Structure formats: structure tokens, C-alpha cells
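[1] let me see the structure of the following:
(chains A and B)
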Amino acid sequence: MQNINLHNYQDFLLRYIDEELDLRETEALLAFVAVHPAVGEELELLQSTKLDIETISCPSKALLYKNIFPVTLEPTTIVYPNKQKLFKKEKEKAPIVFLKWWAVGAAAVFIFIVARYGMFSGEAGNSLSKNNVAKNNSIKPVTSPVNNPINNISIPNDTIAKTGSLASTNVKENQQNIADNNLNQVVFENLAHPSIPTASTVTASETARAIPSYNGSIIDVKPTVIAEISVPSMPSNDETTETIETIDTESASSNRSVMVGAFEIDKDKFRGLFRKANAIFKNKENNKNEK
Amino acid sequence: MTEKDYNESVLLYADNVYRFIVKNLRHTEDAEDIVQSAFEKLWIHKDSVEPQKAKSYLFTVAYHLLIDHTRKAKRITLQESFENDTQTAYQENKALKKVLHDALATLNETQRSLVLLKDYEGYSYEEIGEITKLTTDQVRVYLHRARLKLRNYLISPQQVL
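    Now for the predicted structure:
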């Protein structure tokens, strides 16, 4: 314990006022005060600075309490009178047909095969039409070289047959000219028989039609079957050819086919496939119902 | 802390907190607001406050609310000086006590709070340090300075005459 002297007594006095001295320090201070009366006067003065405890009530104390009066509602049963009017009729759900894995697999394989077949048949048709072009050329060979009126280039028909539809666009133009030449040849033959003035000549030629673009170059070629009916109107040599109906098989074939991914499939084949699948499911349902 | 503990804290400490605040502010309505705020905070954090430390928690919260309020009041002192003083001043009944409380008003916020916590609530230096976020030595030094200042006020010539 630190000794109390005239240099440090004030600290002891203040701690005494604050009741922070232990018993030994308190006894030592009181003994020091007894020896020094001036220190005793100062102690009294410092004690007068201590606040007396006074009772002050908080006016809003009652507001601070929480849930003194428990507020709980007892459960009561109340029935709504128009409850029946609130119900709605439930719609009957469609029966769910559960497919077995082997049936789904078989259907997928079937669709794949049909898709493949459809693709190959389409290619076969294209190749067939190309062959027909070559056949037409071979059936009615034109030994004389074809004279191209646009370019004035003479190309023999043998060359056309060899190059086919994938040849240059000039060759396809020549094919068109060949078809025109064939048609003219038939008309001339009819004119050579004036004894049958009312006979009409029907020619069907399958050829490649070239679609010229705005700058004159040919951009696309597809095999097209064009049927033309020629009626000689006058017995004289001036024959006018009237086209009654033109059947364009290209547009028809494009309407019949649909693209499934990378495959082009005929719509009729699709319909047949769905009919078969529908028949299979119907038979299954009938068998289940019979059981 | 349960709801029952909270209500018991209201019963035991509401007056003490109010006295501490009203002696500092000398304004009853502001003191009530601070007390309500302190108890509201205790209610919000009642799950994390132990019942034994409820009093210390309340005084800590109230002290910091008091500091905030005093700082805010200092900023608007100029505006209020032009208005009618509607504050309800705490009425001192006795002349001697009035002198002492006038002397208390001469202390700064910290010193006044330390004196009130010491004399009214009987907190030790350490407890006051926890409430006011001061060290024990700081509390002791500030409190001794406050005592000497009060003493000097009491023995000043104005008060003697």
C-alpha cells in the first residue's frame, strides 16, 4: 500500500468519496485526517459534492412493459353458408397411354428407316430425272449441231449427254434448245400431214429449265416436266401453238416434301407412317379393352 | 432474457435509467424518449442479453443515446434560442440541492455522467468504464476532476455570498 502524505492525500480523499478504498487504505486515511485537521475540512467539502440519492419515477414507465395482458383468441368454428357454390367441376383428364421402352425404340427405328428411305428415294428421283434427260436426248438424237442463238456457240448433243445437269450453264441452255428443237420437229411432222387438220399434238418433254437472273447468267437448274398441247388452228402453214395447261412438277414436288433435320421426306410417306403408328396404338388399346 | 425478465427489468431499472438521464439533460420529455429507446433496444436484443446484465446494458445504451442527443442538441442550440423555451425543467425542491445541481450543470457530459453513475447507481470505476467505454484510469481521473470542479463551484465567492 502506498503511504499517505501531503502530496498524495487528495487522491486518497477522492477515492474515499467514491468508496474505492479497501479497508486498510480507509483506516490509514482516517488516521492521516485525524493528524491533519485541514485535510479533514477538505474531506467534508468533497463529501458535499456527492449527490444524495433521490427517488425519481419515470412517468412513462407503464408504457415500457410488454404483453402484460395476454391477448389470445380462442378458435371458433364458423361455417361459410355458400360453400357449395364455390366448388368447380373438374374436367375429365384424357387417359394417359404409357408406352413401353421397346415400343418407343421400335418406333424410333422405324422413323429413322423411313427417313433414310425417303432421303434415298428423293435422290434416286433426282438421278432418275437426270437420266431421263439423257434418255430423251438419246431417243431423239439430233445429229446436227445445235445452233445457240444467244451465244452463237455450236455444241454437239453428245457433249450434253455426257456432262448432264451438273455441267456448265451453257450446256443447260443448249438442253432447252434441244427440247425446243424436238417440239418443232414434231410440229413440222404434223404439218407434213395436212390430211388431219384437226388433230392436236400432245408433246411431253422432260428437260432442264434454266432460270436467268437479272444479269443474264443462269442461277439454278431443276428437272421439270412440262406438258404442252399444241392445236393447229388453221390448215395453212401458219400454225399457232396454244398452251392449254402446263404442269410444273418442280413446284408440286416441293409442296409434297418437308425437311426433317438434314433429311427431305415426302409428306405422303409421313402420313403413311403416322397412320401405321396410329393403327398399332389402336390395336393395342383394343386388345387391352378386350382383356 | 425472457419476457418476464424484461418486465422485471422495467420494474427495477426504469426509474434509475430515467433519473440518470433526466439529471444529465434536465429535460423530462427528452429523458423519457431516451428511456423508451433504451428499453426498446433491450426488447429487440433480449435473446442475447442475460438478465444479470440487463441493468448494465440499459445504462450503456442510455448513456450513448444521451451522448448522441446532447451532440444533436448542440447543433440546434442556435435555432432554439429564438423559440420559446417549452422544456419542462427539472424542478429542484431544495436550495442546497439546487446549488449542487447547478454545479453539476457546469460539468461536461462525460464528467456529469460519471458523477451520476457513481453517486446514484453506485457503479465501480470498472463498471462505469464498461458503460462509457472508458478505461478504469480514465474514469478515475475524469471523476476526480469532476469532484474538484464541483468543490470549486461550491466554494466560489458567488455561492458563499
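[2] domain parsing of chain B, as residue ranges.
    Under the assignment automatic domain parsing, the domains of chain B span B:1-91, B:92-161.
[3] what backbone torsions are found at the residue of the stretch 101-250 of chain A found nearest chain B?
    In the stretch 101-250 of chain A, no residue comes nearer to chain B than residue A:101, which is 57.7 Å away by CB to the nearest CB. Where you see a C-beta, it was placed from the backbone N, CA and C, and this is true even at glycine. With angles defined as degrees, to the nearest 10, residue A:101 sits at phi -70, psi -40.
[4] likewise residue B:119?
    phi -80, psi -40.
[5] do the helix or strand harbouring residue B:55 and chain A meet?
    Under the criterion of DSSP states H and E, residue B:55 resides in helix B:54-75. No. Shown here: helix B:54-75 not in contact with chain A (CB under 8 Å from any CB of the partner chain), separated by at least 10.6 Å.
[6] what's the burial count for the residue of the stretch 101-250 of chain A closest to chain B?
    7 (other CB atoms under 10 Å in any protein chain shown).
[7] that one: what's it in contact with?
    Residue A:101 is in contact with no residue at all, counting by CB atoms under 8 Å, 6 or more residues apart in numbering or on different chains.
[8] which helices and strands does the helix holding residue B:55 pack with?
    helix B:3-25, helix B:28-44, helix B:109-119, helix B:125-132 (3 or more CB pairs under 8 Å, 6 or more residues apart in numbering or on different chains; DSSP states H and E).
[9] any buried residues in it, and which?
    B:54-66, B:69-70 (16 or more other CB atoms under 10 Å in any protein chain shown).
[10] next: stretch A:16-32.
    Buried, per 16+ other CB under 10 Å, within stretch A:16-32: A:16-18, A:20-21, A:25, A:28-29, A:32.
[11] what's the end-to-end length of that stretch?
    13 Å (CA to CA, to the nearest Å).
[12] now check that stretch, is it near chain B?
    Yes. Using CB under 8 Å from any CB, stretch A:16-32 reaches chain B at A:17-20.
[13] helix or strand right after the helix or strand of chain B at the bottom of the mean pLDDT ranking?
    Among the helical and strand segments of chain B, the one scoring lowest on mean pLDDT, DSSP states H and E is helix B:77-80, with a mean of 51. Using DSSP H and E, the next helix or strand after helix B:77-80 towards the C-terminus is helix B:95-105.
[14] gap between that following helix and the chain center?
    Distance of helix B:95-105 from the chain centroid (CA atoms, centre = their mean, to the nearest Å) equals 15 Å.
[15] buried ones in that helix, by neighbour count?
    B:99-100, B:103-104.
[16] what's that helix packed up against?
    Counting by 3+ CB pairs under 8 Å, 6+ apart, helix B:95-105 packs on helix B:109-119, helix B:136-154.
[17] pick the most deeply packed of those.
    Between the helices and strands packed on helix B:95-105, helix B:109-119 has the highest mean count of neighbours, a mean of 22, where neighbours are mean count of other CB atoms under 10 Å in any protein chain shown.
[18] now check it, is it near chain A?
    Yes. Using CB under 8 Å from any CB, we find that helix B:109-119 touches chain A at B:115-116, B:118-119.
[19] beta partners for residue A:266?
    Residue A:266 forms beta bridges with residue A:257, as assigned by DSSP bridges.
[20] what's the burial count for the closest residue in space to residue B:135 that isn't next to it in sequence?
    Of all residues not flanking residue B:135 in the chain, residue B:129 sits nearest, at 5.8 Å (CB to CB, 6 or more residues apart in numbering or on different chains). Applying other CB under 10 Å, we find 18 residues neighbouring residue B:129.
[21] looking at residue B:129 now. What's its pLDDT?
    At residue B:129, the pLDDT value in this model is 95.
[22] now do the same contact list for it.
    Residue B:129 neighbours (CB under 8 Å, 6+ apart): B:135-136, B:138-139.
[23] would the helix or strand where residue A:44 lies count as contacting chain B?
    Here residue A:44, judged by DSSP H and E, is contained in helix A:37-48. Yes. Shown here: helix A:37-48 in contact with chain B (CB under 8 Å from any CB) through A:45-46, A:48.
[24] for that helix, name the packing helices and strands.
    helix A:9-17, helix A:23-35, helix B:136-154.
[25] can you put these in TSV and add distance to residue B:5 and mean pLDDT?
    Below are those laid out as TSV (distance: least, CB to CB, whole Å; pLDDT from 0 to 100):
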stretch	distance to residue B:5	mean pLDDT
helix A:9-17	34	93
helix A:23-35	35	93
helix B:136-154	28	93
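[26] now distance to residue A:290 too, for the ones you listed, in a markdown table please.
    A markdown table is the format used below for the helices and strands packed on helix A:37-48 (distance: least, CB to CB, whole Å):
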| stretch | distance to residue A:290 |
| --- | --- |
| helix A:9-17 | 109 |
| helix A:23-35 | 110 |
| helix B:136-154 | 99 |
